[in-house]
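Chemist: Model the following, please.
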Amino acid sequence: MGRARLERMTNRESFSPKSPSKVSLKPLLVLDVDGVMVEAERSFMEAVARALTELAPGIVWTDAHFRMFKRVGGFNNDFRLTAAALALHEAGQLERLWSAEGVGFPELESRMHELEPLCQRVVQAHYADTRHLEKSLITLAELEATGMGLAIYTGRPPEELVMAFEVLGFELPAVSDSAPHLRKPRPDGLLLLADQFGAKAVIFAGDTRDDAAALRSARELRPDIAWTFAAIGPERERISVVGDLQTETLRELLSMLGINS
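Modeler: You can find the predicted model right below:
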């Protein structure tokens, strides 16, 4: 990936097709990256753990802490997650994490905002060593066989989305975490993609509470579009409500939809 191309991608909110001249009759399949298209939990889990050990020597941190932050909601971005863990540690309140699902830590928002740039630099430095743990979970041929429009809405920043494309071996139109309004659980990225594809039906496959929340907010804002959330992975029952789809993997979702056998 050339430097000039990375800079272009980093400076754009999305890299999607031009607005269509007419409404598309085929559904749009929007995909989260980590946990859906790419097995990445270990790489980011390790990068965050190493960053916290560097920034807060002596902190008690386990994989369970990382996974609990994902359940809390609002911590889809791992730089923000690391900043929140560091802020809680500074306040001697890390144990609050276990009862924070759906609540978060609103009084620490200012401190998290201050810490996030530092956490981003340190996490990304460690991620350079842990990203080799990632592997692709789907092929372009499998996705193209759907006949659907295909796009990505991810919590990765643009430079890490480039790395995900390298793991996958292909690219799709995408909206990444390149601006505050494009950070899940906000629905803006889904709305942007739906408009640019001219879609009247959207299926969003995600694996976190924030993914589900983004879909539900999009549905409230644009009831003229048929929105379906597909919960993928081990948290699928926890993040689903009646009417959602649930599968262990993206391949199973495609099978459920009658696309691939």
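Chemist: Every contact and neighbour count from this point should use C-alpha atoms.
Modeler: Noted.
Chemist: got the domain boundaries for this structure?
Modeler: Here the domain parsing of the chain from automatic domain parsing is 3-40+134-256, 42-132.
Chemist: can I get these in JSON lines with mean pLDDT and mean neighbour count?
Modeler: As requested, the domains of the chain are exported to JSON lines (pLDDT from 0 to 100; neighbours: other Cα atoms under 10 Å):
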{"stretch": "domain 3-40+134-256", "mean pLDDT": "89", "mean neighbour count": "19"}
{"stretch": "domain 42-132", "mean pLDDT": "96", "mean neighbour count": "17"}
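Chemist: hey, where'd the helices end up in the stretch 151-261 of the chain?
Modeler: For the stretch 151-261 of the chain, helices defined by DSSP state H, counting those that start in this stretch occupy the ranges 158-168, 188-197, 209-221, 236-239, 250-256.
Chemist: Kindly spell out which helices and strands sit in contact with the longest one.
Modeler: So the one you mean is helix 209-221. The contact analysis (3 or more Cα pairs under 8 Å, 6 or more residues apart in numbering; DSSP states H and E) places helix 209-221 against helix 63-72, helix 188-197, strand 226-232.
Chemist: Using a markdown table, lay out those together with distance to E160.
Modeler: Formatted as a markdown table, these follow (distance: least, Cα to Cα, whole Å):
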| stretch | distance to E160 |
| --- | --- |
| helix 63-72 | 19 |
| helix 188-197 | 17 |
| strand 226-232 | 21 |
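Chemist: I'd like to know which of these lies nearest to K135.
Modeler: strand 226-232 (16.5 Å; Cα to Cα).
Chemist: Which strands or helices does the closest one pack on?
Modeler: strand 201-206, helix 209-221, strand 245-247.
Chemist: between the second one and strand 226-232, how big is the angle?
Modeler: With axes from the mean of the first three to the mean of the last three Cα atoms, to 10 degrees as the basis, helix 209-221 and strand 226-232 are set at 170 degrees to each other.
Chemist: ok, residues contacting helix 209-221?
Modeler: 32, 70-76, 184-188, 190-191, 204, 206, 225-229, 231, 239-240 (Cα atoms under 8 Å, 6 or more residues apart in numbering).
Chemist: Same question for stretch 88-102.
Modeler: Contacts of stretch 88-102 (Cα under 8 Å, 6+ apart): 56, 59, 65, 68-69, 71-73, 85, 108.
Chemist: So what would you say the end-to-end distance of it is?
Modeler: Stretch 88-102 has its terminal residues 17 Å apart, counting by Cα to Cα, to the nearest Å.
Chemist: How far off centre is it?
Modeler: 22 Å (Cα atoms, centre = their mean, to the nearest Å).
Chemist: helices or strands up against the longest helix seen in the chain?
Modeler: For the chain, the helix with the greatest residue count under DSSP state H is helix 109-130. In terms of contacts (3+ Cα pairs under 8 Å, 6+ apart), helix 109-130 is packed against helix 41-55, helix 78-90.
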